[in-house]
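Student: Quick one: sequence and predicted model below, then my questions.
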Amino acid sequence: MDNLRFIRETMERAGAFTAVPGWGGFAMGCTALIATLIAARQATVEAWLTVWGLEGLVAVIVGVIALSHKARTADVSLFSAPTRKFALSFAPPLLVGLLLTLAFYRSHLDSAIPAMWLLMYGTGVVTGGAFSVRIVPVMGLGFMLLGTLALFCPVTWGNYFLAAGFGGLHMLFGIIIARRFGG
(Lines give C-alpha, C1' and ligand atoms only; values in the text may rest on other atoms or scores of the structure.)
Protein backbone atom coordinates (compact mmCIF):
# COMPACT_ATOMS: atom_id res chain seq x y z
CA MET A 1 0.00 0.00 0.00
CA ASP A 2 2.88 2.37 0.77
CA ASN A 3 4.29 1.81 -2.72
CA LEU A 4 0.93 2.51 -4.33
CA ARG A 5 0.53 5.69 -2.28
CA PHE A 6 4.04 6.79 -3.29
CA ILE A 7 3.31 6.12 -6.99
CA ARG A 8 0.00 7.98 -6.81
CA GLU A 9 1.54 11.00 -5.06
CA THR A 10 4.45 11.07 -7.50
CA MET A 11 2.10 11.00 -10.49
CA GLU A 12 -0.06 13.70 -8.92
CA ARG A 13 2.93 16.00 -8.36
CA ALA A 14 4.04 15.52 -11.97
CA GLY A 15 0.56 15.99 -13.43
CA ALA A 16 -0.81 19.03 -15.17
CA PHE A 17 -3.69 21.13 -13.92
CA THR A 18 -6.47 20.28 -16.37
CA ALA A 19 -9.48 21.66 -14.50
CA VAL A 20 -9.15 25.06 -16.23
CA PRO A 21 -12.80 25.93 -16.97
CA GLY A 22 -13.29 26.78 -20.63
CA TRP A 23 -16.94 27.78 -20.36
CA GLY A 24 -16.15 29.60 -17.14
CA GLY A 25 -13.53 31.62 -19.02
CA PHE A 26 -16.10 32.34 -21.72
CA ALA A 27 -18.59 33.54 -19.06
CA MET A 28 -15.89 35.75 -17.49
CA GLY A 29 -15.34 37.27 -20.93
CA CYS A 30 -19.05 38.05 -21.23
CA THR A 31 -19.16 39.76 -17.84
CA ALA A 32 -16.04 41.75 -18.75
CA LEU A 33 -17.72 43.07 -21.90
CA ILE A 34 -20.71 44.18 -19.81
CA ALA A 35 -18.32 45.85 -17.34
CA THR A 36 -16.60 47.63 -20.24
CA LEU A 37 -19.90 49.18 -21.34
CA ILE A 38 -20.74 50.27 -17.80
CA ALA A 39 -17.22 51.53 -17.02
CA ALA A 40 -17.11 53.63 -20.20
CA ARG A 41 -20.07 55.64 -18.90
CA GLN A 42 -18.49 56.54 -15.56
CA ALA A 43 -17.64 60.18 -14.95
CA THR A 44 -14.93 59.67 -12.33
CA VAL A 45 -11.88 57.46 -11.94
CA GLU A 46 -13.29 56.20 -8.64
CA ALA A 47 -16.52 55.06 -10.29
CA TRP A 48 -14.57 53.45 -13.14
CA LEU A 49 -12.36 51.59 -10.65
CA THR A 50 -15.44 50.50 -8.71
CA VAL A 51 -17.01 48.99 -11.83
CA TRP A 52 -13.84 47.09 -12.70
CA GLY A 53 -13.30 46.07 -9.07
CA LEU A 54 -16.81 44.58 -8.97
CA GLU A 55 -16.13 42.89 -12.30
CA GLY A 56 -12.99 41.35 -10.82
CA LEU A 57 -15.06 39.98 -7.94
CA VAL A 58 -17.70 38.61 -10.32
CA ALA A 59 -14.96 37.02 -12.46
CA VAL A 60 -13.43 35.33 -9.41
CA ILE A 61 -16.83 33.96 -8.34
CA VAL A 62 -17.61 32.72 -11.87
CA GLY A 63 -14.13 31.20 -12.16
CA VAL A 64 -14.32 29.39 -8.81
CA ILE A 65 -17.79 28.02 -9.53
CA ALA A 66 -16.75 26.85 -13.01
CA LEU A 67 -13.50 25.39 -11.69
CA SER A 68 -15.34 23.51 -8.94
CA HIS A 69 -17.89 22.19 -11.42
CA LYS A 70 -15.29 21.04 -13.92
CA ALA A 71 -13.15 19.45 -11.21
CA ARG A 72 -16.20 17.65 -9.81
CA THR A 73 -17.24 16.33 -13.24
CA ALA A 74 -13.68 15.21 -13.99
CA ASP A 75 -13.38 13.68 -10.51
CA VAL A 76 -10.28 15.79 -9.78
CA SER A 77 -9.51 17.21 -6.36
CA LEU A 78 -9.40 20.99 -6.12
CA PHE A 79 -6.55 20.54 -3.66
CA SER A 80 -4.31 18.32 -5.79
CA ALA A 81 -0.64 19.21 -6.19
CA PRO A 82 -1.06 20.60 -9.75
CA THR A 83 -4.01 22.75 -8.60
CA ARG A 84 -2.03 24.14 -5.68
CA LYS A 85 0.95 24.87 -7.97
CA PHE A 86 -1.34 26.67 -10.39
CA ALA A 87 -2.92 28.77 -7.63
CA LEU A 88 0.38 29.58 -5.93
CA SER A 89 1.87 30.72 -9.25
CA PHE A 90 -1.23 32.60 -10.40
CA ALA A 91 -2.01 34.53 -7.21
CA PRO A 92 1.18 36.60 -6.59
CA PRO A 93 0.98 38.61 -9.84
CA LEU A 94 -2.68 39.35 -9.09
CA LEU A 95 -1.82 40.55 -5.59
CA VAL A 96 0.93 42.75 -7.02
CA GLY A 97 -1.59 44.09 -9.54
CA LEU A 98 -3.93 45.03 -6.70
CA LEU A 99 -1.14 46.79 -4.81
CA LEU A 100 0.02 48.63 -7.93
CA THR A 101 -3.56 49.71 -8.63
CA LEU A 102 -3.66 51.39 -5.23
CA ALA A 103 -0.24 52.98 -5.77
CA PHE A 104 -1.10 54.17 -9.30
CA TYR A 105 -4.39 55.65 -8.10
CA ARG A 106 -2.69 57.47 -5.21
CA SER A 107 -0.05 58.83 -7.59
CA HIS A 108 -2.64 59.90 -10.18
CA LEU A 109 -1.28 57.40 -12.71
CA ASP A 110 -4.71 55.89 -13.31
CA SER A 111 -4.24 56.05 -17.09
CA ALA A 112 -1.61 53.28 -16.77
CA ILE A 113 -3.91 50.95 -14.81
CA PRO A 114 -5.46 49.09 -17.79
CA ALA A 115 -2.02 48.24 -19.22
CA MET A 116 -0.75 47.16 -15.81
CA TRP A 117 -3.83 44.98 -15.18
CA LEU A 118 -3.40 43.21 -18.52
CA LEU A 119 0.32 42.72 -17.94
CA MET A 120 -0.07 41.42 -14.38
CA TYR A 121 -3.00 39.15 -15.21
CA GLY A 122 -1.13 37.83 -18.24
CA THR A 123 1.90 37.17 -16.06
CA GLY A 124 -0.27 35.24 -13.61
CA VAL A 125 -1.81 33.18 -16.39
CA VAL A 126 1.63 32.41 -17.88
CA THR A 127 3.16 31.41 -14.54
CA GLY A 128 0.10 29.44 -13.42
CA GLY A 129 -0.21 27.99 -16.90
CA ALA A 130 3.22 26.40 -16.54
CA PHE A 131 1.33 23.76 -14.49
CA SER A 132 -1.58 23.51 -16.89
CA VAL A 133 -2.35 22.59 -20.47
CA ARG A 134 -0.25 24.32 -23.12
CA ILE A 135 -2.92 26.71 -24.35
CA VAL A 136 -3.19 28.46 -20.95
CA PRO A 137 0.25 30.14 -21.03
CA VAL A 138 -0.43 31.11 -24.66
CA MET A 139 -3.53 32.95 -23.43
CA GLY A 140 -1.37 34.67 -20.80
CA LEU A 141 1.02 35.84 -23.50
CA GLY A 142 -1.96 37.31 -25.35
CA PHE A 143 -2.84 39.35 -22.26
CA MET A 144 0.76 40.49 -21.92
CA LEU A 145 0.86 41.53 -25.59
CA LEU A 146 -2.31 43.60 -25.17
CA GLY A 147 -0.90 45.16 -22.00
CA THR A 148 2.29 46.07 -23.81
CA LEU A 149 0.33 47.67 -26.66
CA ALA A 150 -1.82 49.56 -24.15
CA LEU A 151 1.32 51.13 -22.66
CA PHE A 152 2.10 52.86 -25.94
CA CYS A 153 -1.37 53.76 -27.21
CA PRO A 154 -3.54 56.73 -26.31
CA VAL A 155 -4.82 56.48 -22.73
CA THR A 156 -8.40 56.87 -23.93
CA TRP A 157 -8.12 53.39 -25.45
CA GLY A 158 -7.73 51.73 -22.02
CA ASN A 159 -11.29 50.41 -21.86
CA TYR A 160 -10.98 48.97 -25.38
CA PHE A 161 -7.86 47.08 -24.37
CA LEU A 162 -9.62 45.77 -21.26
CA ALA A 163 -12.56 44.65 -23.42
CA ALA A 164 -10.20 42.93 -25.87
CA GLY A 165 -8.30 41.16 -23.10
CA PHE A 166 -10.70 40.36 -20.29
CA GLY A 167 -13.61 40.07 -22.71
CA GLY A 168 -12.28 38.87 -26.05
CA LEU A 169 -9.33 36.72 -24.99
CA HIS A 170 -11.33 35.04 -22.22
CA MET A 171 -14.11 34.22 -24.65
CA LEU A 172 -11.80 33.02 -27.43
CA PHE A 173 -9.58 30.87 -25.23
CA GLY A 174 -12.60 29.74 -23.20
CA ILE A 175 -14.10 28.20 -26.33
CA ILE A 176 -10.77 26.62 -27.33
CA ILE A 177 -10.23 25.14 -23.85
CA ALA A 178 -13.84 23.91 -23.62
CA ARG A 179 -13.61 22.16 -26.99
CA ARG A 180 -10.16 20.63 -26.52
CA PHE A 181 -10.19 19.84 -22.80
CA GLY A 182 -13.85 19.75 -21.83
CA GLY A 183 -16.17 22.37 -20.27
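Tutor: Here it is on my side, so go on. Numbering: from 1, shown residues only.

Student: ok, and the closest non-adjacent residue to residue 25?
Tutor: Closest residue to residue 25 apart from its sequence neighbours, by Cβ to Cβ, 6 or more residues apart in numbering: residue 174 at 3.2 Å. No exception for glycine: its C-beta is placed from N, CA and C like everyone else's.

Student: err, residue 65, not the other one
Tutor: With sequence-adjacent residues excluded and distances taken as Cβ to Cβ, 6+ apart, residue 65 is closest to residue 24, at 7.1 Å.

Student: Please name the residues that touch the one you found.
Tutor: Neighbouring residues of residue 24 by Cβ atoms under 8 Å, 6 or more residues apart in numbering: 62-63, 65-67, 69-70, 174.

Student: now with 10 Å?
Tutor: Each residue near residue 24 by Cβ atoms under 10 Å, 6 or more residues apart in numbering is listed here: 59, 62-70, 170, 174, 177-178, 183.

Student: Any of those buried? List them.
Tutor: 59, 62-63, 66-67, 70, 170, 174, 177-178, 183 (16 or more other Cβ atoms under 10 Å).

Student: if we can go back for a sec, my understanding was that the residue nearest to residue 25 contacts residue 32; is that so?
Tutor: No - applying Cβ atoms under 10 Å as the test, residue 174 and residue 32 come out as separate, 11.1 Å apart.

Student: thinking residue 38 is in contact with residue 48, fair?
Tutor: Yes - the criterion here is Cβ under 10 Å, and residue 38 meets it with residue 48 at 9.3 Å.

Student: of these two, who's got more company?
Tutor: Between residue 38 and residue 48, residue 48 has the larger neighbour count (other Cβ atoms under 10 Å), namely 20 against 15.

Student: Tell me which residues are up against the helix or strand containing residue 159.
Tutor: Residue 159 is part of helix 158-162 when elements are defined by DSSP states H and E. Contact with helix 158-162 is made by 32-33, 35-37, 39-40, 42, 48, 52, 55, 110-115, 117-118, 143, 146-147, 149-151, 153-154, 167-168, as judged by Cβ under 10 Å, 6+ apart.
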